[in-house]
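Visitor: Below are the sequence and a predicted model; questions follow.
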Protein chains: 2
Amino acid sequence: MKNVTRRQVLGPLGIVAGSCVLSSCLSKNLASVPGKEKKTDFPWAYTELDPDITAEKTYYDCEKGHCMYGVFAPVISQLAEEHGEPYKSFPVDMMRYGVGGTAGSGSLCGSLNGAAALIGLFTKTEEQMKQMVGELFLWYEQTELPVYVPNKPILDIEIPKSVSNSVLCHVSATMWCKVSGHKAFSKPQKERCKRLTADTAKKTVEILNSYLNDRFAPAYGLSQEVKECKSCHTKGSEKSDSRGRMNCSSCHFSLASNHP
Amino acid sequence: MKNVTRRQVLGPLGIVAGSCVLSSCLSKNLASVPGKEKKTDFPWAYTELDPDITAEKTYYDCEKGHCMYGVFAPVISQLAEEHGEPYKSFPVDMMRYGVGGTAGSGSLCGSLNGAAALIGLFTKTEEQMKQMVGELFLWYEQTELPVYVPNKPILDIEIPKSVSNSVLCHVSATMWCKVSGHKAFSKPQKERCKRLTADTAKKTVEILNSYLNDRFAPAYGLSQEVKECKSCHTKGSEKSDSRGRMNCSSCHFSLASNHP
């Protein structure tokens, strides 16, 4: 039996008894509300998925629609296989736009954009969403990746690991190129991104599963360096002239020599 | 009569006559395919919207779900009002995740993420999607914004304009703070972001309208500086160690003194 959080059952409906925790039960109750047949309430229910199976599906789905699609589509397709609608009708192909840090721009890593979109779909409050996405982004910045090794690799070579220090596609890719000696846009770089995307999908499902089971506890924190930067630059500080939680030094690398 | 491109009619179906250009016609044909009643084909049809009406809706919708939602939701709600499904059932609330450069991370500007998601939903090929998103991102980087002035401002003050030189939330916001003298997270900064988001929605609808009418022609190009950077760093160049189309100098500002 798969679990749905109390928030997800009670939140959007407000009429379902706490003992009714199956998503099929959720669907039936939604369908019985007059005039609500086609309009699905929010957030959508998430039921537990296997992180390793998801990672494998992601690795191969990257071939169909790249990184953002690679994280988003396998989660939705597994839920569609189990529950049907509304998952079945989600236009997952739209998520191809995240490729190469959003349409090739090199900004936000597409795998993270796809993960954040999933978390946005399954969470009710902004605070919950920010906690989960924040955890994922810090994990991505600070972890040696990729860890995932496919059983049947599309490109069967050893893929070195690197720490991105950034959530940005072009920074993450360049850091890996420096470590590995491979070129950007090369087959090894594309293979690295597929495996990294599989890692991101696995981590996303682990976070969603822990949230679902009321076991979510953030394990990653801002680095000491970022905390020091924020002490002068973020909300309520002396300068209060910036925002965000990105690693600072990967861009502001000249500060060491001329910053007070 | 609203237009749907030949691509959108002929692409996903391959069975509809060229003369059938209404999205209602598209829906009827989809519905008649056995077993396809609930699975919507891709891409979704876009019909012409008014850029100024969209900008106004966006400005006020930012109050409901912030920047990414502010661009995405009004386009879908207008299409839902005109055509019903599948637009009516799109879980637009998921797009709240784009707030503050994705869950407050300060990375990709949420208004751009919402715009790119719309373009991803309405375009068939990766090339078309990249052209339209590329145009929008360069416009955002290079234009003095915000231009939009609401008839009934939520915060009725004069909002200075600034050029972001970046698609990143925290860079865009900080550049505006420098020009305006206002703090990050202040009421004026939030008012600036609502108006900027209205501008982005307007530009997105203009781009989608021009694409729909086969009039799309990119007006913005990479700066000379970015072209010079790419001549050594992008695909096929000497170093081939990076990717993307972001403005370089807004982050790599120390290069002037120590770069060959």
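Guide: Noted; the coordinates are in hand.

Visitor: residues near residue A:76, how many?
Guide: Residues near residue A:76, counting by other Cβ atoms under 10 Å in any protein chain shown, number 20. All C-beta spots, glycine's among them, are computed from the backbone N, C-alpha and C.

Visitor: Follow the chain on from the helix or strand where it lies and name the next helix or strand.
Guide: Using DSSP states H and E, residue A:76 maps to helix A:51-83. Per DSSP H and E, the first helix or strand lying C-terminal to helix A:51-83 is helix A:110-122.

Visitor: For residue A:162, what are phi and psi?
Guide: phi -150, psi 160 (degrees, to the nearest 10).

Visitor: likewise residue A:139?
Guide: phi -60, psi -50.

Visitor: Grab the nearest non-local neighbour of it.
Guide: Leaving aside its sequence neighbours, residue A:139 sits nearest to residue A:220 (Cβ to Cβ, 6 or more residues apart in numbering or on different chains; 5.3 Å).

Visitor: ok, that neighbour to residue A:54 distance?
Guide: Distance of residue A:220 to residue A:54, given as Cβ to Cβ, to the nearest Å: 20 Å.

Visitor: ok, the two, which is more surrounded?
Guide: Per other Cβ under 10 Å, whichever of residue A:220 and residue A:54 has more neighbours is residue A:54, with 22 against 15.

Visitor: Next one: the more buried one, what pLDDT does it get?
Guide: On pLDDT, residue A:54 comes in at 98.

Visitor: So it is in contact with residue A:201, correct?
Guide: Yes - counting by Cβ atoms under 8 Å, residue A:201 is a contact partner of residue A:54 at 5.1 Å.

Visitor: Geometric centre of chain A: which residue is closest?
Guide: Among the residues of chain A, the one closest to the centroid is residue A:115, at 2.1 Å (Cα atoms, centre = their mean).

Visitor: Please give me every residue in contact with that residue.
Guide: A:71-72, A:133, A:136, A:200-201, A:203-204 (Cβ atoms under 8 Å, 6 or more residues apart in numbering or on different chains).

Visitor: Make a markdown table out of those and add neighbour count, secondary structure and pLDDT.
Guide: Output for these, formatted as a markdown table (neighbours: other Cβ atoms under 10 Å in any protein chain shown; DSSP: H, G, I helix; E, B strand; the rest coil; pLDDT from 0 to 100):
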| residue | neighbour count | secondary structure | pLDDT |
| --- | --- | --- | --- |
| A:71 | 34 | helix | 98 |
| A:72 | 31 | helix | 98 |
| A:133 | 27 | helix | 98 |
| A:136 | 25 | helix | 98 |
| A:200 | 27 | helix | 98 |
| A:201 | 32 | helix | 98 |
| A:203 | 22 | helix | 98 |
| A:204 | 29 | helix | 98 |
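
Visitor: quick revisit: now list whatever residues contact both of residue A:54 and residue A:201.
Guide: Counting by Cβ under 8 Å, 6+ apart, the residues touching both residue A:54 and residue A:201 are A:74-75.

Visitor: tell me which of the contacts of residue A:115 is nearest to chain B?
Guide: The nearest member of the contacts of residue A:115 to chain B, counting by Cβ to the nearest Cβ, is residue A:133 at 3.6 Å.

Visitor: what about the residue nearest to the closest one when sequence neighbours are not counted, how many residues close to it?
Guide: Distance criterion Cβ to Cβ, 6+ apart; nearest residue to residue A:133, sequence neighbours excluded, is residue B:103 at 3.6 Å. Using other Cβ under 10 Å, residue B:103 has 26 other residues around it.

Visitor: likewise residue A:105?
Guide: For residue A:105, the count of nearby residues is 27 (other Cβ under 10 Å).

Visitor: Residue A:139 too?
Guide: Using other Cβ under 10 Å, the number of residues around residue A:139 comes to 20.

Visitor: Quick check: it vs residue A:206, distance?
Guide: For residue A:139 relative to residue A:206 (Cβ to Cβ), the value is 10 Å.

Visitor: quick one, domains of chain A?
Guide: A:1-42, A:51-212, A:231-258 (automatic domain parsing).

Visitor: any idea which of those is most buried?
Guide: domain A:51-212 (a mean of 22; mean count of other Cβ atoms under 10 Å in any protein chain shown).

Visitor: got any ranges where chain A has weak pLDDT?
Guide: Applying pLDDT under 70 to chain A flags residues A:1-40, A:253-260.

Visitor: quick check, residue A:251 in a helix?
Guide: No - Residue A:251: not assigned to a helix; according to DSSP: H, G, I helix; E, B strand; the rest coil it is coil.

Visitor: With residue A:229 as the reference, measure out to it.
Guide: Counting by Cβ to Cβ, the gap from residue A:251 to residue A:229 is 11 Å.

Visitor: show me the contacts for residue A:87.
Guide: Applying Cβ under 8 Å, 6+ apart, we find residue A:87 in contact with A:44, A:76-77, A:79-80.

Visitor: now for those residues, which pair is the farthest apart?
Guide: Longest distance between any two of the contacts of residue A:87 is 14.0 Å, between A:44 and A:77; criterion Cβ to Cβ.

Visitor: picking that back up, and the residue nearest to residue A:133, what is it in contact with?
Guide: A:116, A:119, A:129-130, A:133-134, A:137, B:97.

Visitor: Rebuild those residues as a markdown table, extending it with distance to residue B:192.
Guide: Shown next, in a markdown table, are the contacts of residue B:103 (distance: Cβ to Cβ, whole Å):
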| residue | distance to residue B:192 |
| --- | --- |
| A:116 | 24 |
| A:119 | 27 |
| A:129 | 24 |
| A:130 | 22 |
| A:133 | 24 |
| A:134 | 24 |
| A:137 | 25 |
| B:97 | 21 |
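
Visitor: Relative to residue A:49, which of those is nearest.
Guide: Within the contacts of residue B:103, proximity to residue A:49 (Cβ to Cβ) peaks at residue A:119, which comes in at 13.5 Å.

Visitor: Surely that closest one touches residue A:135?
Guide: No - with contact defined as Cβ under 8 Å, residue A:119 does not reach residue A:135; the gap is 9.8 Å.

Visitor: what's the overlap in contacts for the two?
Guide: Residues touching both residue A:119 and residue A:135 by Cβ under 8 Å, 6+ apart: residue A:207.

Visitor: Stretch A:221-232 near chain B at all?
Guide: No - if you take Cβ under 8 Å from any Cβ of the partner chain as the test, stretch A:221-232 misses chain B, and the best it gets is 10.7 Å.

Visitor: how about the CA coordinates for that stretch, as CSV?
Guide: The C-alpha trace of stretch A:221-232 is given here as CSV (Å, rounded to 0.1, in the frame of the first residue of the first chain):
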residue,chain,number,x,y,z
GLY,A,221,23.7,23.7,4.7
LEU,A,222,25.1,26.9,3.1
SER,A,223,28.9,26.9,3.2
GLN,A,224,30.7,29.0,5.7
GLU,A,225,31.9,31.2,2.8
VAL,A,226,28.3,31.9,1.6
LYS,A,227,27.2,32.6,5.1
GLU,A,228,29.9,35.2,5.4
CYS,A,229,28.9,36.8,2.0
LYS,A,230,25.3,36.8,3.1
SER,A,231,26.1,38.5,6.4
CYS,A,232,26.7,41.7,4.5
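
Visitor: quick one: the helices in the stretch 151-260 of chain A?
Guide: Remark: helices assigned in the stretch 151-260 of chain A by DSSP state H, counting those that start in this stretch are A:169-180, A:187-212, A:224-233, A:255-258.

Visitor: show me what contacts the residue of the stretch 51-200 of chain A found nearest chain B?
Guide: Residue nearest to chain B within the stretch 51-200 of chain A: residue A:106 (1.8 Å; Cβ to the nearest Cβ). Applying Cβ under 8 Å, 6+ apart to residue A:106 gives the contacts A:100, A:168-170, A:173, B:242-246.
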